[in-house]
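Asks: Pasting the sequence and the predicted model now:
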Amino acid sequence: MPGTHITDQQAKLYMNLKRTRSRQTAAAKAGFSVSTGARINADPRLPSQKQTPRGRRRPDPLLPYWDSEIVPMLKAAPGLRPITVLGEMQRRHSAFSAELRRTLERRIRLWQALNGPARDVIFRQEHPPGQQGLSDFTDASALGISIAGVPLEHRLYHFRLAFSGWQHVRVVLGGESFVALAEGLQNALWALGGAPAAFRNLEREAAADLTHRYEQLCAHYGMTPTRNNLGVAHENGSIEGPHAHLKSALQQAILLRGSGDFTDLEDYRRFVDERVGRANAARRKALEVEREHLKKLPPRRTDDHEEELVTVTRSSGFLLRHVFYTVPSRLIGHRLRVRIYDDRLECLLGATLVLTLPRGRRPSGAQHGRIGHVVDYHHVIHALRRKPMALLNLVYRDQLFPRAAFRRTWEALIAAQSPRKACRVMVGLLALAHDRACEAELAAALDTILDGSDMPDLTILQQRFMPSCTTVPVVTVSLPAAIAYDALLGMPQGWVQP
């Protein structure tokens, strides 16, 4: 076609066909004219070999500065960014235009490719089955999770097998501690049914501060602990990349669910487990291959908690790691052995487990000397009945109220009534919720009363939630004469009275 340049492929086809065909036939099959074929016969070079190099169409704007100023800067500091060089050149020369930015970027990139320093190299690795497992913590605050309307600050402990991609995820409420690592890792291994030969933990604090315990944990499962180089992100690729995929999948599932608010922590954990289980189902075949190479688990788990001894004070509680916990008052004066997990405390008196408490944390940004509180009103309500005025200035008063409706009721009472009467009514409401196990129903009733701009009446609420008095039926028992049993002894065996 006139005006169209022929390609190297057309020229090669013509040269091959011309060996056995005429010039006209070879040119027609190659898709150009006979005269073009004649030119190729005269000059058998390919079209790409006949093109002359394209020269510069305008003067080089960087020529006065490149060799004298810019290159010395790049040699002295190879890490300089083009935008930094641009700013420096504008500072030195008022005529150096900002419009040269793209030209400068391209020229610096070309110089770095030809003359720049050697760069780090990523070595792609093969992952034999059963050889390596990795774990790390990842911040999940971006998911926007809340529990009963309260935002949940948490992390996800993420364990993953490098070969099959099988993963296990646990919601972690505290920081990146050894306790969270040990509990999450052991849950993953026992759910998997085996242990890989090597284990890489990317969490710094746990392994750095508790190296001996960390090595003991790995030794218990026969795993060799390995570490990546500090600060080298690409060495974490087998777990860092899946972090983003995991949180993206959870975010999409939350959008389908319609809300990131859950009724309780267990409900949220079931949600995470279900999504991770669906992802693992797609890796079933690879996991079957990997399970054949996993090590057998030991007969039992190792300790995944820390222990401390505490003494229950006259305040019916104990202080542990800047958090005050209430316990039943019958334990006052006793020493408890507390097992500290990521999300709970198990309190033992001797070898007997007496109660389990949710683990609390010191409030973030708290001033020096401030502590957190984990309070259960059931533990102290009997004493508050005798001393209702103690509620007025109680240090953990706000944490004593089990639901927002009770806190709202207290604010309304203290604003409308005398402190003595407000304390007496509030303690009475807490006692009613304790005695009749009607905390949720009473909270709903209090919200309804306050929404109607009324004040709760303790007597009316007690009559409403107390059981109505019923008459105990009179039961008359007639005892037969003892001689009646003698007749039964003389009856034949197996006889049944008709």
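Replies: Alright, I've got the coordinates. Treat the numbers as computed from the prediction; the structure is a model and nothing was measured.
Asks: Any stretches of the stretch 351-498 of the chain with poor pLDDT?
Replies: The stretch 351-498 of the chain contains residues with pLDDT under 70 at 365-369, 468-470, 490-498.
Asks: burial measure for the closest residue to Tyr221 other than its chain neighbours, as a count.
Replies: Computed as CB to CB, 6 or more residues apart in numbering, the closest residue to Tyr221 that is not its neighbour in sequence is Ala195, at 4.3 Å. C-beta: built from backbone N, CA, C; applies to glycine. Close neighbours of Ala195, defined as other CB atoms under 10 Å, add up to 24.
Asks: One more: Val475?
Replies: Counted with other CB under 10 Å, Val475 comes out at 5.
Asks: His378 now?
Replies: Neighbours of His378 under the rule other CB under 10 Å: 14.
Asks: Also Phe178?
Replies: By other CB under 10 Å, 21 other residues sit near Phe178.
Asks: can you give me phi and psi for it?
Replies: phi -60, psi -40 (degrees, to the nearest 10).
Asks: Now do the helix or strand hosting Asp486: everything it contacts.
Replies: Element membership for Asp486, per DSSP states H and E: helix 484-489. Contact with helix 484-489 is made by no outside residue, as judged by CB atoms under 8 Å, 6 or more residues apart in numbering.
Asks: now it: how far from the chain's centre is it?
Replies: Helix 484-489 has its C-alpha centroid displaced from the chain centroid by 74 Å (CA atoms, centre = their mean, to the nearest Å).
Asks: before we move on, what about stretch 129-147?
Replies: Using CA atoms, centre = their mean, the offset of stretch 129-147 from its chain centre is 5 Å.
Asks: which of the residues in that stretch are buried?
Replies: Residues of stretch 129-147 classed as buried by neighbour count (16 or more other CB atoms under 10 Å): 129-138, 140, 143, 145, 147.
Asks: Go through those residues and say which is closest to Ala191.
Replies: Closest approach to Ala191 among the buried residues of stretch 129-147 (CB to CB): Gly133, at 12.3 Å.
Asks: What does Glu88 show for phi and psi?
Replies: Torsion angles, degrees, to the nearest 10, at Glu88: phi -70, psi -40.
Asks: ugh, wrong one, I meant Arg155
Replies: The phi and psi values for Arg155, taken as degrees, to the nearest 10, are phi -120, psi 170.
Asks: quick one, what contacts it?
Replies: By CB under 8 Å, 6+ apart, Arg155 lies in contact with 137-140, 171-172, 175-176, 180.
Asks: Arg361 too?
Replies: Neighbours of Arg361 in contact, by CB under 8 Å, 6+ apart: 173-174, 323, 372.
Asks: Now tabulate those in JSON lines and tack on secondary structure.
Replies: Below are the contacts of Arg361 laid out as JSON lines (DSSP: H, G, I helix; E, B strand; the rest coil):
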{"residue": "Leu173", "secondary structure": "coil"}
{"residue": "Gly174", "secondary structure": "coil"}
{"residue": "Val323", "secondary structure": "strand"}
{"residue": "Gly372", "secondary structure": "strand"}
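Asks: among these, which one has the lowest pLDDT?
Replies: Here the lowest pLDDT out of the contacts of Arg361 sits on Gly174, with 78.
Asks: ok so, going back, restrict the contacts of Arg361 to the buried ones and give me that as a PyMOL selection.
Replies: Listed next is the PyMOL selection for buried residues among the contacts of Arg361, using 16+ other CB under 10 Å:
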select buried, resi 173+174+323+372
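Asks: Tell me what the residue nearest to the spatial centre of the chain is bridged to.
Replies: For the chain, the residue nearest the mean C-alpha position is Leu156 (2.2 Å; CA atoms, centre = their mean). Leu156 forms beta bridges with Thr138, Val171, as assigned by DSSP bridges.
Asks: Likewise for Thr356?
Replies: In this structure, Thr356 bridges to Glu346 when assessed by DSSP bridges.
Asks: Check what pLDDT the closest residue to Ser329 other than its chain neighbours gets.
Replies: Closest residue to Ser329 apart from its sequence neighbours, by CB to CB, 6+ apart: Ser316 at 4.4 Å. With respect to pLDDT, Ser316 has a value of 93.
Asks: ok, Asp304 to Leu348 distance?
Replies: 16 Å (CB to CB, to the nearest Å).
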